[in-house]
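J.: Sequence first, then the predicted structure:
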Amino acid sequence: MAERRNRKHSKIDGLPPDLKATVQQMLLDGDTYSEVIAYLQTQGVSISMSSVCRYAQAYLAEHEALMMANANLQRMMDEVSKYPDLDTTEAIIRIVSHNLLNVLSNTSEEDWQEVDLSKLLKETNALVRASAYKKRIALQNQDALDTGLDAVKGLVFAELAKERPKLYQQLAEYVDGKKATGITEGG
């Protein structure tokens, strides 16, 4: 049997958008619930303290989650801008790894007793697999690139070596240099 979730609906959710936005800003500014109730009364809205409290808790938790998501996105974009060759997958892995290390290092002895070890191992394994998969794909791509460069060098350069030996030498040195430094996509 599927679990039914109760839909949360507050009296504040039913307010006109401008009035609701004012209440939300008051909550973000740290106004007291009494101040919110007094303001709403001046607008002709009667509401209980418990209704404001429930709405405030849900709204502030949602706001905090959104702020955390924005902060994580900003950190990912900062990582990507620091390392232009870094793709978003690698940035995400770095952020998750950093956050995981922070959580692990700040976990108290009591909290460790409540940790579901199988879930922790499963999540850790997934992170390790994602990182290993990314490295394997990078190696495969580099191998394919090296093979392609060698094929071009072998097929085209043989004729070039006969007809224009100096140009062949310069081109071969250029390709070998690119191969040694690792050519990346788009660069």
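T.: That came through fine. Quick caveat, the model's predicted, so the values are computed rather than measured.
J.: Show me which helix runs longest in the chain.
T.: Criterion DSSP state H: the longest helix present in the chain is helix 117-163.
J.: and the following helix or strand past that one with helix 117-163, angle?
T.: Remark: after helix 117-163, the chain's next helix or strand is helix 165-181, criterion DSSP states H and E. Orientation check (axes from the mean of the first three to the mean of the last three Cα atoms, to 10 degrees): helix 165-181 against helix 117-163 gives 170 degrees.
J.: Check which residues of helix 165-181 are buried.
T.: Tyr168, Leu171, Val175 (16 or more other Cβ atoms under 10 Å). From N, CA and C alone the C-beta is placed, and that goes for glycine too.
J.: likewise stretch 123-140?
T.: Residues of stretch 123-140 classed as buried by neighbour count (16+ other Cβ under 10 Å): Ser131.
J.: Rounded mean pLDDT for that stretch, please.
T.: Stretch 123-140 shows an average pLDDT of 78 in the prediction.
J.: before we move on, what about stretch 26-45?
T.: 92.
J.: Alpha carbons of that stretch, as PDB, please.
T.: Only the C-alpha atoms of stretch 26-45 are listed here, as PDB (Å, rounded to 0.1, in the frame of the first residue of the first chain):
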ATOM      1  CA  MET A  26       9.700  39.500   8.000                       C
ATOM      2  CA  LEU A  27      10.500  35.900   8.900                       C
ATOM      3  CA  LEU A  28      13.900  36.100   7.100                       C
ATOM      4  CA  ASP A  29      14.600  39.400   8.900                       C
ATOM      5  CA  GLY A  30      14.000  37.700  12.300                       C
ATOM      6  CA  ASP A  31      10.800  39.400  13.200                       C
ATOM      7  CA  THR A  32       8.900  37.700  16.000                       C
ATOM      8  CA  TYR A  33       5.800  35.600  15.400                       C
ATOM      9  CA  SER A  34       3.900  38.300  17.400                       C
ATOM     10  CA  GLU A  35       5.100  40.900  15.000                       C
ATOM     11  CA  VAL A  36       4.000  38.900  12.100                       C
ATOM     12  CA  ILE A  37       0.500  38.300  13.700                       C
ATOM     13  CA  ALA A  38       0.200  42.100  14.500                       C
ATOM     14  CA  TYR A  39       1.200  43.000  10.900                       C
ATOM     15  CA  LEU A  40      -1.300  40.500   9.400                       C
ATOM     16  CA  GLN A  41      -4.100  41.900  11.700                       C
ATOM     17  CA  THR A  42      -3.400  45.400  10.300                       C
ATOM     18  CA  GLN A  43      -4.100  43.800   6.900                       C
ATOM     19  CA  GLY A  44      -7.400  42.300   8.100                       C
ATOM     20  CA  VAL A  45      -6.000  38.700   8.500                       C
END
